[in-house]
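Colleague: The sequence isn't on hand, but the structure is:
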C-alpha cells in the first residue's frame, strides 16, 4: 500500500503529541522520519517509528529533553542531550556546527546522552544545502563482534560524509556492518534473503538469512577487519569528544540503543576553495565514476546519493510504500494502543 507524505507525517506527529511531546519537537521528528521513507530509507523512517514509541513509553526517551551546553571553546562545543529525542537533538547540534563553521571555517559539536538519530544522511544533506561539507557519526549499543571474535562488543557506529554539489550532493551514509540492522529488519519483514552473506548463523556458517543474523548478532563488519577497526576508533572518538557513553557503557546502562554519543563536524568549503572550483572537482570525480564499465551489459553505475531524488520523485507522485502490518501498528498508537 502507499500513503501520501502529508498523511504519514500527520499520523506520526499525532502519536508523538499523545505522549506529551512538544509540538515543535513532534513536528521535526515526524517530518524527518517521513522524509526518510519518502527518499527510500524505509528502515529509518516509518519502519522504525514503532520502536521509537516503545522507547518513549518505556521511559528511556525524554520527550522534553533538549541539548544543554556543557563546554565551549573556539570552534568546538559539547552538549548533553538530556536523553531527548534523537532527531531534534541531532538537528540542533548539526546547526550549531554550521554556525561555528561560518565563523571559524570549521565547527565541531559533540553530543552525549542522546538517542537514535535515524538516518545519518539527514544531517549531511542539511549541511550540503547550506554549501557546507560534513562528517557526522554516532556510536551504538554493541551489535557485532570484532574481527576474529564471536560475541558482540562493537557498535555498528554509522558515519555520514557529505560534500555539496549543485548537480546533486555526494552523500555517503554507512554503518560498520555489511548490512545495518534496519536492512535486516526490512528483509525479515519482506520474507527475503540478503543479496550476499551478512554474517554467521548458529552453526558458524555464513548466511544470507536475516532471521538467523538477528538471532546470533554475528554480523560481518564492513570490509572485515577494517570495518571492525573503524568501529573501534569511531566509538572512542564519539565517547571521548562528548565525554559520553562508549558502546560498552551503553550496553551496561541500557542494554539497548539509548544514551548514545555523537559528533557533528561542518566545514565551510568556500573558505578553502571557490564554489566554482569545488563544483568542478566534485563533478570531475562523479562523472569519472559514472563513466565506469558496468559488470553486466545494460547495467547501471551510480554514485552515493544519486538514487535519492529519483525515489523521492516517485514516492511524492504515488505515495510512500508502507507495509500494511507496520502501518496498522502505527495507527494503533494514535488510538492509545502500544
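Modeller: Ah, there it is. Being a predicted model, the structure only gives us computed values, none of them experimental.

Colleague: All the helices of the chain, residue numbers only.
Modeller: Shown for the chain, the helices assigned by DSSP state H span residues 5-17, 23-38, 46-57, 86-104, 121-128, 181-189, 210-216, 225-242, 247-254, 275-290, 306-318, 324-334.

Colleague: Just say which of these is most tucked in.
Modeller: Scoring these by mean neighbour count under mean count of other CB atoms under 10 Å gives helix 121-128 as the most buried, with a mean of 26. Using the backbone N, CA and C atoms, a C-beta is placed for each residue, glycine as well.

Colleague: what angle sits between that one and helix 306-318?
Modeller: Helix 121-128 and helix 306-318 are oriented at 100 degrees to each other (axes from the mean of the first three to the mean of the last three CA atoms, to 10 degrees).

Colleague: Distance of the residue of the chain most remote from its centre relative to residue 195?
Modeller: Here the chain reaches farthest from its C-alpha mean at residue 297, the gap being 33.4 Å by CA atoms, centre = their mean. Distance, residue 297 to residue 195, using CB to CB, to the nearest Å: 20 Å.

Colleague: about what we covered before: can you check which of the helices of the chain gets nearest to residue 149?
Modeller: Each of the helices of the chain has some distance to residue 149 by CB to CB; the shortest is helix 225-242, at 8.8 Å.

Colleague: contacts for the closest one?
Modeller: 78-79, 108, 110-112, 137-139, 144-148, 154-157, 159, 176-178, 220-223, 244-247, 249, 260-263 (CB atoms under 8 Å, 6 or more residues apart in numbering).

Colleague: do stretch 269-287 as well
Modeller: Contacts to stretch 269-287, defined as CB under 8 Å, 6+ apart, come from residues 105, 131-133, 163-168, 170, 303.

Colleague: nearest to residue 60, of these?
Modeller: Distances from residue 60 to the contacts of stretch 269-287, taken by CB to CB, are shortest for residue 132, at 32.1 Å.

Colleague: need the contact list for the closest one.
Modeller: Contacts for residue 132 (CB under 8 Å, 6+ apart) come out as 98, 101, 164, 266-269.

Colleague: Among those residues, which one is most surrounded by other residues?
Modeller: Within those, neighbour counts (other CB atoms under 10 Å) peak at residue 266, which reaches 32 neighbours.
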